[in-house]
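> Sequence first, then the predicted structure, then my questions.
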Amino acid sequence: MPSATHVQAEIDSQPECWRQVVTLLSSAAGALPRAGERVAVIGCGTSWFVAQAYATLRERLGQGETDAFSASEFPVSRPYDRLVAITRSGTTSEVLDVLRSPRTSLPTVAITADASSPVRERADALVVLDFADEKSVVQTRFATTALAFLRAHLGEEIDTASAQAELALAQPVDEILLQCRRFVFLGQGWTAGLAHEGALKMREASLSWAESYPAMEYRHGPISLADSTAVVWFLGGDAPTGLIDEVRQAGAHVVADRLDAMADLVRIQRLAVALGLSKNLDPDQPRHLSRSVILEAGTW
């Protein structure tokens, strides 16, 4: 059986990485969105889902209108006060293309793990989370650390999430979940983005059938697939009234524990890796994937 040494170590290190972000806030404050600004956030894959979570949370906290886009779909002609780009490697083609577009004249800041990457020449300012960089193709700690940093900038405390993640890491992966074949992740508000990320981790690390929806949307068709082979996971334990009972009546296994959603995502990451290893996969090197998507000009 292969050993996913990199990704397992990176998952385990997340609580400490989250605690480190507070040391960066003062130095980065001038480059980050100010209250009242109209902000766009871009990323690809995991970074896009982090962007979704941050955008929803920023608006909920009354900090200003915030939109999240996959970088390839960013509307460069739409007016914003600031653009935030999230890119672990700093080399992702779609992100760099937005940042170098002559129509992107607004102030830009990139959150990255590599200060020497090409993004340094494209963005007006960098936030470097090099202590959260990763060797694994599958993103775990960089994404959650970027979100922890952005949450801390919004004034949210991170210690609770860190403590809950440490407790989760000390527990064994649920053997019942390892026997399931299909996984559905549901979120509400800012946790919907993390539900999408949880499903992506299951697909990448274990080649499992995984779906994700805003929780209320699960009633509008997808619940018809619920049965005893499925897990329906409510990120952070939040669920619309009556939906958990409906899912249980359909025979699916429910996970709905009251945790900070970032700590809950850590549990999903561990499950994805454990399931991948049980299938003799290498979650450090998922098939058909690379650490960064670098495209030739004109290929997207």
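Great, that's in hand.
> Tell me the secondary structure of the spatially most central residue of the chain, please.
For the chain, Val50 is the residue whose C-alpha lies nearest the centre (Cα atoms, centre = their mean; 4.1 Å). Put simply, Val50 is helix when judged by DSSP: H, G, I helix; E, B strand; the rest coil.
> Just give the strands next to the strand or helix carrying Leu83 in its sheet, each with its orientation.
For Leu83, the host element (DSSP states H and E) is strand 82-86. Using DSSP bridges, the strands paired with strand 82-86 are strand 39-43 (parallel), strand 108-112 (parallel).
> for it, what is the average pLDDT?
Averaging pLDDT along strand 82-86 gives 97.
> do stretch 175-184 as well
In the prediction, stretch 175-184 has an average pLDDT of 95.
> in that stretch, what counts as buried?
Neighbour counts over stretch 175-184 (16 or more other Cβ atoms under 10 Å) mark Leu177, Cys180, Arg182, Phe183, Val184 as buried. C-beta coordinates here come from the backbone N, C-alpha and C atoms, glycine included.
> Now do that stretch: distance to the chain's middle.
21 Å (Cα atoms, centre = their mean, to the nearest Å).
> Distance from the helix ranked longest in the chain to the middle of the chain?
As assigned by DSSP state H, the longest helix anywhere in the chain is helix 261-278. Its chain's C-alpha centre and that of helix 261-278 lie 13 Å apart, by Cα atoms, centre = their mean.
> Then stretch 195-202?
8 Å.
> hmm, who's touching it?
Stretch 195-202 has contacts (Cβ atoms under 8 Å, 6 or more residues apart in numbering) with 45-46, 49-50, 52-53, 138, 140, 143, 183-187, 208, 210-215, 233, 235, 265, 268-269, 271-272, 275.
> switch to 6 Å and redo it
Applying Cβ atoms under 6 Å, 6 or more residues apart in numbering, the external contacts of stretch 195-202 come out as 46, 49, 183, 185-187, 208, 210-212, 235, 265, 268-269, 272.
> cool, and stretch 109-117?
31, 84-88, 90-91, 119, 123, 125-130, 133, 142, 146.
> Just the buried ones from those, in PyMOL syntax?
Command for PyMOL that selects the buried part of the contacts of stretch 109-117, burial taken from 16+ other Cβ under 10 Å:
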select buried, resi 31+84+85+86+87+88+90+91+119+123+126+127+128+129+133+142+146
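> Helix, strand, or coil at Leu135?
For the record, residue 135 is Lys, not Leu. coil.
> quick one: contacts for the closest residue to it other than its chain neighbours?
Distances taken as Cβ to Cβ, 6 or more residues apart in numbering put His6 closest to Lys135, at 4.2 Å, once the chain neighbours are dropped. For His6, the contact set (Cβ under 6 Å, 6+ apart) comprises Lys135, Ser136, Asp284.
> Name the helix or strand for His6, please.
His6 belongs to helix 5-12, assigned by DSSP H and E.
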